[in-house]
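Asker: Have a look at this fold, sequence not included:
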């Protein structure tokens, strides 16, 4: 055997072991999923060709890294293994053939489930009560995280089990919901803090907090995907496994877990042949960004539990299951240049020009870099190899630079001193991480402002999209938002445009006319006032009721409102004090735009819910959260986003988040959706 093979094998073992430790224990991976999978496949290929080389510490013989020592160890009742992976149609077909040959039958039922990218955990219930929660660890011994797990709202604390089920193990994944993850990272970025690399790392870091109250602050969720075992207690306090007395099929377990209020992989589809399985894989791959959590593959499990023992397992993985890995949403490429864009509020956002790279079937050439602080925190430099991520409809972003490839000392990037569109000096306000172009006549600000004004979250003029806005701006007939309401003067000119005509122009003018009836809160969002988003706009409209009253308010009046801090108050007062902005609003009023609201101030003492504060969590079946919020506010209540000691009650829908556990800790009243009628009629 050549010396270079042995050398390469030792290198792979060391690198993969380090990668496992960084990934599982430190939640700080230095390899992308694709890099790790490639190295692991190379290791397995060497071991297949030279089996005498296999070391006892080889990653192929282990499930996870050594225990961190931060938590108490706990030995699993049955090994908590990992899964072997396949990456192609051919490899999956080979797996089907191996299973058929092993069990001696041609038709075998499989359950196909989305493979969530989370943190593996084992929940142990004794006599129906959650006794211990354990990480997977090395597969034999994990670490106790019971107090941390109990802060996760959808982990059941008690089960309805039969007497014979003295002990039951439920296995699954702790994860960070994508929507909440994106919101959290946006907040961290706005505060100049480092963003988390991905939801899995954020979940792992939260679960490994020594202080459970810190874990409780993160909206972690749990997905139950497997039965670890069911045990009957025997004389002498020992346990014997009896799961096949209660569950014949894996799908039986999923149905039972659902009845016990666990979240389970959805959809879970049953197939009996390779063609059916491949169809499900293609479907899940196409829909991967529609899930509320990250998936990195599809798991296929033999449904008949009696076949599991017959198929057995390797040192690290069962033979009755396999994971098909979906092509990654992360890849490496080269950072060619960093440029900046100026948005509607003047905020300057840097973005990356990349060497083209294909991600999830899309060729990526640009990626957001958020702000200068994030670039420096991630030590990203022009010329670097960088790891790029694309998840769902989120704009691609650079996760990190791969500094190991940096062969020359590339210069640290700095924000330009002047706006690239109008050459005005860029300003960085005190205590903010963002730079701004303060010139309201900046040509790029004008375009961005017009596009935003017409967007669905603002005035909802859907016939005025970005391309049309740019075209009309270049024609010289759309220079500011007031010009939108003068477009009727150009009706005959618009009808002559290529691809237009009387019908399209009429639709445009009808949409513009309809936008005049949008309430004050929509207008406030549309006006591009820095820091005033939909939430702040609703609070302002509900309390001042008219634009005239809002214009007369001082900073002190604004700061008294829920969710309106000094930053928003200063921005609003400054915007209203600007002569051009006041002239613009007066012009819009002359064109007939509405400046009042349907919202009712929450401050009326004669309202039935005056002085009460509510928080809403979970999915509601009979009413939308926005409609419920409006109804509560019309009855005098305040509706906030976070639970505190000042909260009157938490209104709970299906699948509630971490707010439920926090409300219980603070002894705050819980109102189920079924009880809302009693709340509204005053009998609650």
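Answerer: Ah, there it is. Computed from a predicted model, the values in this text were never measured in an experiment.
Asker: lowest average confidence, helix or strand, in this structure?
Answerer: strand 239-241 (a mean of 77; mean pLDDT, DSSP states H and E).
Asker: Each with direction, which strands does that one pair with?
Answerer: Looking at strand 239-241 with DSSP bridges, its partner strands are strand 221-233 (antiparallel).
Asker: list the buried ones in the strand it pairs with?
Answerer: 221, 222, 223, 224, 225, 226, 227, 228, 229, 230, 231, 233 (16 or more other Cβ atoms under 10 Å). For every residue, glycine as well, the C-beta is placed using N, CA and C.
Asker: Could you check how far residue 264 is from residue 367?
Answerer: Between residue 264 and residue 367 the distance is 35 Å, computed by Cβ to Cβ, to the nearest Å.
Asker: Kindly list the main-chain dihedrals of residue 333?
Answerer: phi -160, psi -180 (degrees, to the nearest 10).
Asker: Excluding chain neighbours, what is closest to it?
Answerer: Distance criterion Cβ to Cβ, 6 or more residues apart in numbering; nearest residue to residue 333, sequence neighbours excluded, is residue 357 at 3.9 Å.
Asker: from what I can see that neighbour touches residue 366, true?
Answerer: No - counting by Cβ atoms under 8 Å, residue 357 does not reach residue 366; the two are 10.9 Å apart.
Asker: So which of these two has more stuff around it?
Answerer: Using other Cβ atoms under 10 Å, the more surrounded residue of residue 357 and residue 366 is residue 357, with 18 against 14.
Asker: and that one, what are its bridge partners?
Answerer: Going by DSSP bridges, residue 357 forms beta bridges with residue 364.
Asker: Can you report how many residues neighbour residue 665?
Answerer: By other Cβ under 10 Å, neighbour count at residue 665 equals 12.
Asker: That one: what's it in contact with?
Answerer: Going by Cβ atoms under 8 Å, 6 or more residues apart in numbering, residue 665 touches residue 216.
Asker: Starting from residue 219, give me the distance back to the residue most central in space within the chain.
Answerer: Nearest to the geometric centre of the chain sits residue 178, at 1.5 Å (Cα atoms, centre = their mean). With distances taken as Cβ to Cβ, residue 178 is found 11 Å from residue 219.
Asker: Over to residue 352?
Answerer: 30 Å.
Asker: the strands in the stretch 251-400 of the chain, which residues?
Answerer: Under the criterion DSSP state E, counting those that start in this stretch, strands of the stretch 251-400 of the chain are mapped to 269-271, 295-302, 321-325, 330-342, 347-359, 362-368, 385-389, 397-401.
Asker: Packing partners of the first one?
Answerer: With contacts taken as 3 or more Cβ pairs under 8 Å, 6 or more residues apart in numbering; DSSP states H and E, strand 269-271 sits against strand 110-116, helix 274-286.
Asker: Would you mind putting these into TSV with distance to residue 554 and mean neighbour count alongside?
Answerer: Formatted as TSV, the helices and strands packed on strand 269-271 follow (distance: least, Cβ to Cβ, whole Å; neighbours: other Cβ atoms under 10 Å):
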stretch	distance to residue 554	mean neighbour count
strand 110-116	50	24
helix 274-286	54	16
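Asker: For the ones you listed, which has the smallest mean pLDDT value?
Answerer: Looking over the helices and strands packed on strand 269-271, mean pLDDT reaches its minimum on helix 274-286, with a mean of 92.
Asker: when you compare where that helix runs with where strand 295-302 runs, what's the angle?
Answerer: 160 degrees (axes from the mean of the first three to the mean of the last three Cα atoms, to 10 degrees).
Asker: same for helix 274-286, what does it pack against?
Answerer: So helix 274-286, by 3+ Cβ pairs under 8 Å, 6+ apart, packs with helix 89-103, strand 110-116, strand 269-271, strand 295-302.
Asker: that older thread, which one of the buried residues of strand 221-233 is nearest residue 201?
Answerer: Nearest to residue 201 among those is residue 221, at 15.7 Å by Cβ to Cβ.
Asker: just checking, residue 623 touches residue 677?
Answerer: No - judged on Cβ under 8 Å, residue 623 makes no contact with residue 677 at a distance of 10.6 Å.
Asker: Overlap of the contact sets of those two?
Answerer: In contact with both residue 623 and residue 677: no residue, using Cβ under 8 Å, 6+ apart.
Asker: Can you give me every residue that contacts residue 395?
Answerer: 367, 368.
Asker: Now do the contacts for residue 113.
Answerer: So residue 113 contacts 225, 265, 268, 298, 299, 301 (Cβ under 8 Å, 6+ apart).
Asker: re the thing from before, can you list the strands of the stretch 251-400 of the chain in JSON lines and add mean pLDDT and distance to residue 174?
Answerer: Shown next, in JSON lines, are the strands of the stretch 251-400 of the chain (pLDDT from 0 to 100; distance: least, Cβ to Cβ, whole Å):
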{"stretch": "strand 269-271", "mean pLDDT": "94", "distance to residue 174": "24"}
{"stretch": "strand 295-302", "mean pLDDT": "94", "distance to residue 174": "15"}
{"stretch": "strand 321-325", "mean pLDDT": "94", "distance to residue 174": "18"}
{"stretch": "strand 330-342", "mean pLDDT": "93", "distance to residue 174": "21"}
{"stretch": "strand 347-359", "mean pLDDT": "93", "distance to residue 174": "26"}
{"stretch": "strand 362-368", "mean pLDDT": "90", "distance to residue 174": "28"}
{"stretch": "strand 385-389", "mean pLDDT": "90", "distance to residue 174": "21"}
{"stretch": "strand 397-401", "mean pLDDT": "88", "distance to residue 174": "21"}
